[in-house]
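Trainee: sequence and predicted structure, then a few things I'm wondering about:
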Amino acid sequence: MKRKIFILHEIYGVNDFIKMQAEAYSNANTTVECLSLYSDNRIFPYEQEQEAYEYFINEVGFDAPLDKLAEKILEAKTHYDEVLIIGFSVGATLAWRLSTLPLQGIVCVYGSRIRQYLDVIPSCPTLVILPSHEKSFNVHELKETLVTFPSVHTRQYLGQHGFMDIHNPNYCYASYSHVQVEISQFLENKPGQGGL
């Protein structure tokens, strides 16, 4: 069985963390590709979080990339038995919006803007990883809504936005370790237990 996983990055671009994630899920049967949402493939340092956020919102946004991403993903369906998406932060929100495509699975890691697209009903198994706390909204309320979606598995882990990334100030090793296992199990179609 041949599998393709697309990874959609955070506001910082395809940085070392995203490349590490690609390596984590790559194996003999699985090809992983990191898709840059930035036409010039730029990468922002963590200290430029505000600039990165503004650049993403003003230059990319949550609508413009959808058609191009969908085209690339559907094209991959002609070459692979399984096609999945793993998205982080803004990439997770875009992955959520693509979850109506005929895919084998979607993983959304701290996609806080998913809360703005609750009219999307995923048509494939979807794993949503949430932190225990977000500055801008009530995570528990979002979790309570998502658990009502039929194909969505929602997990919440101790930490704040960015807890998966060893280079991020919000990194939480325990949660990172659990989530890596959780995603691997999900990719093998064995949604795991865990989280808060």
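Mentor: Alright, I've got the coordinates.

Trainee: which outside residues touch the longest helix seen in the chain?
Mentor: If you go by DSSP state H, the chain has its longest helix at helix 173-187. Contacts of helix 173-187 with the rest of the structure, by C-beta atoms under 8 Å, 6 or more residues apart in numbering, involve 5, 24-25, 84, 86, 105, 107, 109, 125, 127, 129, 131, 153, 155, 157-159, 163-164, 166, 191-192, 194-195. (Each C-beta comes from the backbone N, C-alpha and C, glycine too.)

Trainee: check stretch 49-62 too.
Mentor: Residues from elsewhere that reach stretch 49-62 (C-beta under 8 Å, 6+ apart): 11-13, 37-38, 42, 44, 90, 93-94, 97, 113, 116-117.

Trainee: over to stretch 66-83?
Mentor: Defining contact as C-beta under 8 Å, 6+ apart, one finds that stretch 66-83 is touched by 1-6, 8, 31, 35, 85, 94, 97-98, 101-105.

Trainee: okay, strands next: where are they in the chain?
Mentor: Here the chain has its strands, by DSSP state E, at 3-8, 30-35, 82-88, 105-109, 126-133, 152-160.

Trainee: can you put these in a markdown table and add mean pLDDT and distance to residue 143?
Mentor: Shown next, in a markdown table, are those (pLDDT from 0 to 100; distance: least, C-beta to C-beta, whole Å):
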| stretch | mean pLDDT | distance to residue 143 |
| --- | --- | --- |
| strand 3-8 | 98 | 21 |
| strand 30-35 | 97 | 27 |
| strand 82-88 | 97 | 18 |
| strand 105-109 | 97 | 12 |
| strand 126-133 | 96 | 6 |
| strand 152-160 | 96 | 5 |
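
Trainee: brilliant, that's me finished.
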